[in-house]
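[1] Task: produce atomic coordinates for the following.
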Amino acid sequence: MKKIILTICLILIVSCKNKKTDAIMNFNYDNLNISNNEAKKLCIEGMKEVQIKNFEEAKIAFEKANKIEQNNVIVMNALANTVNILGEKEKAENLYKNSLKIDENFTPTYGNYGNFLNEQRRFDESEKILLEGLKREPIKSNKVGLYFNLSLIMKKQKKCNTAKQYAELSLENCEIDDSRREEIINFMNEIKRDCE
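    All right, here's what the predicted structure looks like:
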C-alpha cells in the first residue's frame with residue numbers, strides 16, 4: 001500500500017495519482033505568505049477545492065493566483081501538485097524546478113518534487129532532491145516528510161535496511177502529538193513485514 005507523508009511549511013502538499021491519494025494532507029490557511037489578498041483568497045479557495053477532490057476547480061483557482069502573484073513558491077507548489085494529480089506531468093515538473101530557482105530554501109518544494117520523481121520511479125533523482133532538502137531544512141518537524149519519502153524510495157527498491165533507517169529518522173523528528181506519527185509507525189511495521 002502506498003503511503004506518502006510530506007512535510008508542510010505553509011502550504012498544502014498533495015501527492016497522488018489519478019485523483020486518489022494516501023497522502024496526509026494538511027491545510028494551513030493562517031500563515032500563507034502571499035502578499036496580494038486576491039491571490040491569497042484564490043489559493044485558499046484552491047486548497048478547499050482540493051479537500052473535496054475537485055482538482056479541476058483547484059487548478060483554475062491556483063492558476064489565477066499564480067497570474068496575480070507570479071513567482072510565489074507557495075502558489076507554484078500548490079499548482080504543481082494539482083496539475084500532477086491531473087496528469088500534467090511536464091507542467092508540474094517545470095513548476096517545481098522554477099520554484100527551486102526562485103527560492104532554493106523553501107524546503108516543501110524538495111518534498112513535493114522528490115515525491116513527484118518517486119511516483120515516476122526516478123529514484124536516484126528523487127533521493128538527490130530529498131537529501132538536498134534535508135541539508136537546507138533547519139526545523140526538525142519539517143524533516144519528517146523528507147525522511148519518510150526517502151524511506152519509501154528505499155522500500156520500493158527493496159533496500160530494506162536503508163528504508164528502516166530513514167523511517168526511524170522520520171519518527172525521531174516527529175513530535176509525540178504529530179498527526180503523522182501513527183502513519184510512520186504503520187509504515188515501519190509494513191517495512192518489517194513486507195520488505196526483504
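[2] for this structure, what are the low-confidence residue spans?
    In the predicted model, the chain carries pLDDT under 70 at residues 1-31.
[3] Skip the chain neighbours and tell me the closest residue to the residue nearest the centre of it.
    Note on the chain: the residue nearest the mean C-alpha position is residue 112, at 3.5 Å, using CA atoms, centre = their mean. Of all residues not flanking residue 112 in the chain, residue 77 sits nearest, at 5.4 Å (CB to CB, 6 or more residues apart in numbering). (Each C-beta comes from the backbone N, C-alpha and C, glycine too.)
[4] What helix or strand is the one you found located in?
    Residue 77 belongs to helix 73-85 when elements are defined using DSSP states H and E.
[5] Can you list the residue ranges for strands in the chain?
    With strands called from DSSP state E, the chain shows none.
[6] Okay, buried residues for stretch 113-120 please.
    For stretch 113-120, the neighbour count (16 or more other CB atoms under 10 Å) marks 113, 114, 115, 116, 117, 118, 119 as buried.
[7] circling back: packing partners for the helix holding residue 77?
    Helix 73-85 is packed against helix 37-51, helix 55-68, helix 89-102, helix 107-119, with contacts defined by 3 or more CB pairs under 8 Å, 6 or more residues apart in numbering; DSSP states H and E.
[8] hey, C-alpha coordinates of it in PDB?
    C-alpha atoms of helix 73-85 as PDB (Å, rounded to 0.1, in the frame of the first residue of the first chain):
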ATOM      1  CA  VAL A  73       6.600  29.400  -4.300                       C
ATOM      2  CA  ILE A  74       3.600  28.600  -2.200                       C
ATOM      3  CA  VAL A  75       1.200  29.200  -5.100                       C
ATOM      4  CA  MET A  76       3.600  27.400  -7.500                       C
ATOM      5  CA  ASN A  77       3.800  24.300  -5.400                       C
ATOM      6  CA  ALA A  78       0.000  24.200  -4.900                       C
ATOM      7  CA  LEU A  79      -0.500  24.500  -8.700                       C
ATOM      8  CA  ALA A  80       2.300  21.900  -9.400                       C
ATOM      9  CA  ASN A  81       0.800  19.400  -7.000                       C
ATOM     10  CA  THR A  82      -2.600  19.900  -8.500                       C
ATOM     11  CA  VAL A  83      -1.600  19.600 -12.200                       C
ATOM     12  CA  ASN A  84       0.400  16.500 -11.200                       C
ATOM     13  CA  ILE A  85      -2.800  14.900  -9.900                       C
END
